[in-house]
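Student: Requesting a structural model of the entry that follows:
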Amino acid sequence: MTLVESRNLELGQKMPPFNLLDPMGKSHDINKEMGAAGIIILFTCNHCPYAIAIWKRIIDLSKEAASIGINTVAINPNINPNYPDDSPENMQKKGENLGISFPYLVDKNQAIAKSYNAVCTPDLYLLNNKKELMYHGRLDDNWQNESAVQKQDLKDAVIALANKQTIEQKQVPSMGCSIKWV
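Tutor: Numbers count the residues shown, from 1 in each chain. As a prediction, the model looks like this:
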């Protein structure tokens, strides 16, 4: 496991579209998944301890965000034979076991992860409804211990976006396992 921090990306830039399949073969594109105010895009996987540690928090935040017009999708770029835990079959099991209510998508050729400049799992993005990058950084200030969290960076950005307020420009990178490039 190689620890990596997400890249510093220019806020306000238009982000690329995607059209990916979920593990059951259903197609999902950014236009269909976009909420009235925006979308959270989470590059993640099943095996990374950093990603595992925040799944419950992301699921909880996704429910709150959906209630204020911001949908969520998770994208797995680690479809790699050396990491069988991240296979589409295991993604489906993870979704069922955790009760994931948003699409968990397969980026089989890693093209979407590359187009977003994603480098780690988790790598978190918040886009407005024009597909402009409004937030790119960590979920909160304590990936290991939810009870010790004092600052919920992504949640603060979600609430600001939904309320048409300014989002904090100083954004702390996410950190996690490197994406397993093939």
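Student: And the strands in the chain?
Tutor: Taking DSSP state E to define them, one finds strands in the chain at 3-5, 19-21, 27-29, 38-43, 70-76, 104-106, 120-121, 123-128, 133-137, 175-178.
Student: Run through who's touching the second one.
Tutor: Which is strand 19-21. Outside strand 19-21, the residues that touch it by CB atoms under 8 Å, 6 or more residues apart in numbering are 27-30, 75, 105-107, 112. Glycine gets a C-beta too; all of them are placed from N, C-alpha and C.
Student: Quick check: the two most widely separated of these?
Tutor: Ile30 and Val106 (15.1 Å; CB to CB).
Student: now the strands of the chain as CSV including distance to Asn97?
Tutor: Listed next are those as CSV, based on distance: least, CB to CB, whole Å:
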stretch, distance to Asn97
strand 3-5, 26
strand 19-21, 20
strand 27-29, 20
strand 38-43, 17
strand 70-76, 14
strand 104-106, 12
strand 120-121, 18
strand 123-128, 22
strand 133-137, 27
strand 175-178, 20
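Student: Any chance of TSV for these, columns mean neighbour count and distance to Ile159?
Tutor: Formatted as TSV, the strands of the chain follow (neighbours: other CB atoms under 10 Å; distance: least, CB to CB, whole Å):
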stretch	mean neighbour count	distance to Ile159
strand 3-5	14	24
strand 19-21	16	27
strand 27-29	14	25
strand 38-43	26	12
strand 70-76	25	9
strand 104-106	24	24
strand 120-121	28	25
strand 123-128	26	11
strand 133-137	23	11
strand 175-178	21	23
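Student: Export those as JSON lines, with columns for mean pLDDT.
Tutor: Output for the strands of the chain, formatted as JSON lines (pLDDT from 0 to 100):
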{"stretch": "strand 3-5", "mean pLDDT": "93"}
{"stretch": "strand 19-21", "mean pLDDT": "98"}
{"stretch": "strand 27-29", "mean pLDDT": "98"}
{"stretch": "strand 38-43", "mean pLDDT": "98"}
{"stretch": "strand 70-76", "mean pLDDT": "98"}
{"stretch": "strand 104-106", "mean pLDDT": "98"}
{"stretch": "strand 120-121", "mean pLDDT": "97"}
{"stretch": "strand 123-128", "mean pLDDT": "98"}
{"stretch": "strand 133-137", "mean pLDDT": "98"}
{"stretch": "strand 175-178", "mean pLDDT": "96"}
